[in-house]
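*Asks:* Only the shape, not the letters, is given here:
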C-alpha cells in the first residue's frame, strides 16, 4: 500500500509506482501534512465524484480544494477558499464547475480549469449539510438544519425556499435520479416527494407503525430511482419501492451495528441502474456491503483501528474513496474487493481418483453456485466420472472452450431457467465461441467514428457519456466491417443491450453483436431497406399452424407481421422485457439453434393471446409491441421449447436457417448478404446529406459567431455608455467644484483688481505729466522743422520754375521746325501731283488724236475702195484696227480709273499722316502736363494760393490743338516739367515721323512708275 503526502504542492502524481491493491483493496492513501509541523496532518472533510467517475474533488479543513484524477494519476489544487467546506458537488451541465458550501453559510461556484469564482450564493442561516444537483444540471438544492433552498444554476438565483418549524428539523433534501422528483426527509421520519417544476406534493411514504422508531439519518437511492434505502439509530434498514410507494423489506444488520451513519449503493455495469449492493457505514467505522436481495454480507472495508468517517462511491462503480478517522483519504479498487465472488465457477465435473473420497464437495443450490465447503468428517458417497475412451461426434460438437460442455449447460439451463448472474458473461463467451481477434478489432476502431454515427446522440440520447461513446464505437466498428450496418436504422436498438452489458470490454461486445447478426439475423438484409419478408413469413407460418384464430384476428384488424413480429426482432425484445427477463431469454437463445429466436417471437405472441384478442385498433397493437407487458418470461421460454418440438418440419425455421457458425479467428468473415447497390446508393446519399449538414453547421456557426460578436459589441457599447455616464457625472461634480473654486478666485481677483486700479491711477497721473512735458518738447521741435522745410521748398520752387521756362521754349522751337517740315512736304506733294496729272492729260490727248486720224482714214478707205476682194481685206484690217482702238480705249479708261484711285489713296494717306502728327503732338503735350503734375518739384500741392478763373483768351489757348511759341499760359497751375525727362521722348518721336515720311515718298514714286508703264502699254 502506497502513501502519498501532497503537502503544499499544487499539482503532482497521486502514486509514484503502479498501485498493487492489497488484500484490503486499498490502492493508495493520500494525506496532507501541515507546513510547519511535518507530523501534523490536515484533515480532509468532504469528497465528491464527477459524472464519469474518473476524478473527484476533495476539500480539507483549511479550505483547499483538490482535484484527483485516478485515470491520469494526477492531482491539482484548484481553489483556496480560506475556510472549511461543509459540502461539495459537481455541476452536471458545465462539467468544469463545482459548488462548495463553506463554514460562513454561503455557497460558491468555482471553475476548476480557470480557478475563477463563477458565483456566490447566500441565504442560509446555518451550516449547509448537503448539496444535491438535478440530473439536467439546471437546479441544485442546498440543505441546512432549518431550511432547504432551490437554486437555478443558470442564473444562480434562488427560486424557492422550504421552511419548517423549529421542532421539526430537516434531515436531507435531494433529487431523485432520472426524474423530476425531490425527496425531503425530516426528523420525524416523514418522507415527502415533490414535483421539481411545480413543487407540487406527489406523495408521502407511510411511516411504519410496527417496530421501534429508527430516526432516519442516512439515505441512498439506486441509479434508476426505484429503491430508497434509509437507516438511522438502529441496526435496521428500510428498503422502499418508490414505484409502489410501499415498504419493500426490512434488513437487519449484525448486532455490532448500532447506528447507521451513511448508506451508498454500489453500481454494477450490468445492473441497468438497479443496484443490488448496498454499503452501510456504521458507528464502529466499518463499511459493510450487502446484497439487498439475498441479504448476504459480501465484503467490508475499514476496521476499528482504522475507522472510516465517510465514503463516496464512483458512478461507474470502480472506486470507493473514504475519509478516515485520521483525516486521510483511502482509494479502494472495487474490482479487488469483489474478485472473490466474481471468480468463474469451478468445473462441474469432478474426477475422484483412489478409494478415498474427497473431503471437499461442491453443493449446487437453486440460487447459484457457491464456494466449496468442508465436510464434517462423514464419508460422502461420490460417483467417479470417467470420460469414455473414444469421444463421439456429438461430444465434439458440444465441447466448448474453457472446459465447458454445451449439452450439460443446456441441461443446467432447463433445470434453473437461467445461468448464474456472476458467470453469465463467461458462459456466453464460451457458447458463442468468441475468437477475440484483437488485431482485427483494432484495425476497425483505428478507422475512427463512422460518419453515419457521428450524431447518434441526437437520435438516441443517453445520459451516460461513457455508454454513449461505447455504443458509438461499436456501431462504427460494425459499419466499417460491413457497409450495410452504416445504413441500418434499427442497429442501435439491437446493439444497445449488449453495449450496456459489455461496456467495459468493447471487443467482446463487438464480437457478440457480430455473432448474433451472422447467426440469429440470417436473411434479415436480403430485402433491405425493407423488413425481411421471408423471415416474417416463417414466423407467420408457425403462428398460423399453432393459433389460427389469433392470426385471423390480426388479419381482420389489418395487422401484418411487420407490426407484431418485426418490432420484437429489430429490438431483440429489449423494449418489451426488463433487464433480468431479457438476460434470461438470451441465455436460452444463445444455447439453442438460431431458429429459437424466431420461434420465441411466435411464443411471445401466443402467450399474449388474451390481451391481443381484445385489441381492435392498429394503434393499440403498435403500443402493445413497443412497451412492456405483464408477462412471465419463463412461460414464454417454456412455450418456445414446446413450439420448437411440435412445429412440423416443412414450416419449421430450423430447416430454413443454417446452424450456428462462430466467427473465424484472426480475421472476421466477409458479410455481403445484402443488396449492395442499394446500400452504396444510400451511403452516397447519406454522405452528400452529411456534407450539406456540415456546410449548414459551418454557416450556422459563422452566424452564431457574428451574433456573439454583435452581442459582445452591444455589451461593450452599453458598458461604454455606462462609463460615459459615470464620467459625465464625475465631470459635473468636478464642474461644481471648479465653479466654487472659480467663485473664490473671482472674489480674490476683485480685491486684486481694486488694488491694481489704485496703482494704475497713480501711474497714469505720473505718465500724463511726463507726456505733457514730452509733447511740449516735440511741438517746439516740429515748429523748427517746419521753418526749415518751408525754406527748402521755396528754394526748390524757384529752381523748378526756371527749368520749366527753358523746357517750354525748347518745345516751341521744336514745334516750329516740325511745322516747317510739314509745309515743305505738302508743297512737294502738290507739285508731284500736278506733274503726274499733266503727263496723264498729254498722253490721253495724244491717243485721242491718233484715234481720230485712224477713224478718218478708215472712212476714207471705205468710200474710195471699190474692189470687193480688196474691200473685204481692208474691211478685216479695219475691223482689227477698230478692235485695237477699242482695246486702247479700254486701257486708257482703266489707267484713268487707276489714276483716280491712286490720287484718292494719296489724299487719304496724307490726311492720315496729318492726323498722326496732330495726335503725336497732343500726346506729347499731355505727357508733359502729366509729368509736370507728378513732378516732386511742382508747387501745386505745397502753395495754397487761390486759383484765378481763366479768361476767354486763356481758355481758347488751352483747348487749341496747335500751340505756338508766342502763346503764354497765364494760369497759376501751368505745367512745369524738366528738360531731361521730355527731350529724349521728343527726339524718338521726331525720328519715327521722318521715317514715315520717307516710306510714304517711296510708295508714291513706285505707284507713279507702275501707272506710267501701264499707260504706255
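*Replies:* Ah, there it is. Keep in mind the model is a prediction, meaning the values are calculated, not measured. Residues are numbered from 1 along each chain as shown.
*Asks:* In a helix, residue 237, correct?
*Replies:* No: read with DSSP: H, G, I helix; E, B strand; the rest coil, residue 237 is strand and lies in no helix.
*Asks:* contacting residues around it?
*Replies:* Shown in contact with residue 237 (CB atoms under 8 Å, 6 or more residues apart in numbering): 229, 230, 231, 250, 251, 252, 253, 260, 263, 278, 280. Where you see a C-beta, it was placed from the backbone N, CA and C, and this is true even at glycine.
*Asks:* Just the buried ones from those?
*Replies:* Buried by 16 or more other CB atoms under 10 Å: 229, 230, 231, 251, 253, 260, 263, 278, 280, out of the contacts of residue 237.
*Asks:* any chance of these in TSV, plus distance to residue 72 and pLDDT?
*Replies:* As requested, the buried ones among the contacts of residue 237 are exported to TSV (distance: CB to CB, whole Å; pLDDT from 0 to 100):
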residue	distance to residue 72	pLDDT
229	33	92
230	37	92
231	36	91
251	38	89
253	38	89
260	35	93
263	30	93
278	30	92
280	32	94
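*Asks:* who does the longest helix seen in the chain touch, helix- and strand-wise?
*Replies:* In the chain, taking DSSP state H as the definition, the longest helix is helix 676-864. Where contact means 3 or more CB pairs under 8 Å, 6 or more residues apart in numbering; DSSP states H and E, helix 676-864 is packed against helix 868-934, helix 979-1016.
*Asks:* And the pLDDT at residue 735?
*Replies:* Looking at residue 735, its pLDDT is 89.
*Asks:* Could you do residue 1010 as well?
*Replies:* 77.
*Asks:* switch to numbering from 55
*Replies:* Sure thing, new numbering starts at 55, so read that last one as residue 1064.
*Asks:* quick one: contacts for it?
*Replies:* Residue 1064 makes contact with no residue, according to CB under 8 Å, 6+ apart.
*Asks:* Quick check: it vs residue 887, distance?
*Replies:* Distance of residue 1064 to residue 887, given as CB to CB, to the nearest Å: 16 Å.
*Asks:* do residue 465 as well
*Replies:* Residue 465 is 173 Å from residue 887, by CB to CB.
*Asks:* more crowded one of these two?
*Replies:* residue 887 (17 against 11; other CB atoms under 10 Å).
*Asks:* pLDDT below threshold where in the stretch 605-754 of the chain?
*Replies:* Filtered on pLDDT under 70, the stretch 605-754 of the chain yields the residue ranges 729-734, 736.
*Asks:* From the structure, what's the count of residues near residue 204?
*Replies:* Neighbour tally, residue 204, other CB under 10 Å: 20.
*Asks:* just residue 158 next, same as before
*Replies:* Count around residue 158 with other CB under 10 Å applied: 14.
*Asks:* list the contacts for it?
*Replies:* Residue 158 is in contact with residue 137, counting by CB under 8 Å, 6+ apart.
*Asks:* Okay, and it sits in which element?
*Replies:* Residue 158 belongs to no helix or strand when assigned by DSSP states H and E.
*Asks:* do you know how far it is from residue 181?
*Replies:* From residue 158 to residue 181 the distance is 9 Å (CB to CB).
*Asks:* what do you get for residue 580?
*Replies:* 68 Å.
*Asks:* swap in residue 782?
*Replies:* Taken as CB to CB, the span from residue 782 to residue 181 is 47 Å.
*Asks:* Can you check the pLDDT for residue 346?
*Replies:* 88.
*Asks:* Please apply the same query to the one 5 residues further on.
*Replies:* At residue 351, the model reports a pLDDT of 88.
*Asks:* and the gap between residue 873 and residue 879?
*Replies:* Residue 873 is 11 Å from residue 879, by CB to CB.
*Asks:* There's contact between residue 244 and residue 261 in this structure, I believe.
*Replies:* Yes: under the criterion of CB atoms under 8 Å, residue 244 makes contact with residue 261 at 6.3 Å.
*Asks:* Break down the stretch 205-354 of the chain into its strands, ranges please.
*Replies:* 211-217, 224-229, 235-240, 245-249, 255-259, 270-275, 281-286, 290-295, 300-306, 314-320, 331-336, 341-345, 351-355 (DSSP state E, counting those that start in this stretch).
*Asks:* residues of the second one that come out buried?
*Replies:* Right, strand 224-229. In strand 224-229, counting by 16+ other CB under 10 Å, buried: 224, 225, 226, 227, 228, 229.
*Asks:* tell me the contacts of the fourth one?
*Replies:* In other words, residue 227. Neighbour list for residue 227: 184, 186, 195, 197, 202, 216, 236, 237, 238, 239 [criterion: CB under 8 Å, 6+ apart].
*Asks:* could you dump the strands of the stretch 205-354 of the chain to TSV with distance to residue 166?
*Replies:* Listed next are the strands of the stretch 205-354 of the chain as TSV, based on distance: least, CB to CB, whole Å:
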stretch	distance to residue 166
strand 211-217	23
strand 224-229	22
strand 235-240	27
strand 245-249	31
strand 255-259	35
strand 270-275	26
strand 281-286	31
strand 290-295	36
strand 300-306	38
strand 314-320	24
strand 331-336	27
strand 341-345	28
strand 351-355	28
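*Asks:* Ok, which of those strands comes nearest residue 749?
*Replies:* strand 211-217 (39.6 Å; CB to CB).
*Asks:* contacting residues around that closest one?
*Replies:* With CB under 8 Å, 6+ apart, strand 211-217 has contacts from 175, 177, 193, 200-206, 224, 227, 238, 253.
*Asks:* mind running it again at 10 Å?
*Replies:* 173, 175-178, 193, 195-197, 200-206, 224, 227, 236, 238, 246, 248, 250, 253 (CB atoms under 10 Å, 6 or more residues apart in numbering).
*Asks:* Just the buried subset of the residues you listed, please.
*Replies:* 175, 178, 193, 195-197, 200-205, 224, 227, 236, 238, 246, 248, 250.
*Asks:* Give me the helix or strand of this structure that scores worst on average pLDDT.
*Replies:* strand 414-415 (a mean of 31; mean pLDDT, DSSP states H and E).
*Asks:* Could you list the buried residues of stretch 882-894?
*Replies:* Within stretch 882-894, judged by 16+ other CB under 10 Å, the buried ones are 883, 887, 890, 894.
*Asks:* so how far is that stretch from its chain's centroid?
*Replies:* Computed by CA atoms, centre = their mean, to the nearest Å, the chain-centroid distance of stretch 882-894 equals 116 Å.
*Asks:* Need the residues that contact it.
*Replies:* Outside stretch 882-894, the residues within contact range by CB under 10 Å, 6+ apart are 946, 949-950, 953, 956-957, 960-961, 963-964, 967, 1054-1055, 1058-1059, 1061-1062, 1065-1066, 1069.
*Asks:* Could you turn the buried ones of these into a ChimeraX selection?
*Replies:* Entered in ChimeraX, the line below selects the buried ones among those, by 16+ other CB under 10 Å:
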select :946,949,953,956,960,964,967,1054,1058,1061,1062,1065,1069
